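S.K.: no sequence for this one, just the structure:
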DNA sequence: GCCAACGTTGGC
DNA sequence: GCCAACGTTGGC
């Protein structure tokens, strides 16, 4: 991340992101219905660290994984900065983490708001084959991170593909 | 359902 | 710190 874009803990410039969700668990249409949701259940340190760098107003590409076809289904926006994910302390939750202590929470979530659903998703196949999207983290070999940053140019290109 | 490519855990 | 075993992700 660009250090000069930070002022203390606050970034001046907005940064685009991409988050993954299985639509059978939570889809862009679920977010349209809810308008705002807590992005709970992230249990990977690298993804968590990216979430901690999100700031309200940042655009978020909403990617449907394990979908047919997989792809970017729409856009959300960060509404609230990262704070401890309560599901880590809930023994009834699938996201429960017995190793996380109340006085030192391991996992955070952010709140995201619905912005728009694409009429046609930008498929993984499109993401891979488009020359302008070379270097996109989502299509990198072995990439499994559920939260990744996206460059401004890649973000704009994906929106263009969605509208073409 | 399969399985490659990861990340995490825990014994040593 | 190493690394084998195990669990998870996610495309197919």
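M.R.: Cool, got the structure. Computed from a predicted model, the values in this text were never measured in an experiment.
S.K.: Most proximal residue of chain A with respect to DNA strand B?
M.R.: Shortest chain A-to-DNA strand B distance, computed as Cβ to the nearest atom of the strand: residue-wise this is residue A:142, at 1.8 Å. All C-beta atoms are positioned from the backbone trio N, CA, C, and that covers glycine.
S.K.: Just give the number of residues close to that residue.
M.R.: Applying other Cβ atoms under 10 Å, we find 4 residues neighbouring residue A:142.
S.K.: quick one: it from residue A:149, how far?
M.R.: The span separating residue A:142 from residue A:149 equals 17 Å under the rule Cβ to Cβ, to the nearest Å.
S.K.: Buried ones in stretch A:138-145, by neighbour count?
M.R.: Within stretch A:138-145, the residues scored as buried using 16 or more other Cβ atoms under 10 Å are A:138, A:145.
S.K.: what residues does it touch?
M.R.: With Cβ atoms under 8 Å, 6 or more residues apart in numbering as the test, stretch A:138-145 has contacts from A:18, A:20, A:44, A:46-47, A:50, A:63, A:124, A:127-128, A:133, A:137, A:148.
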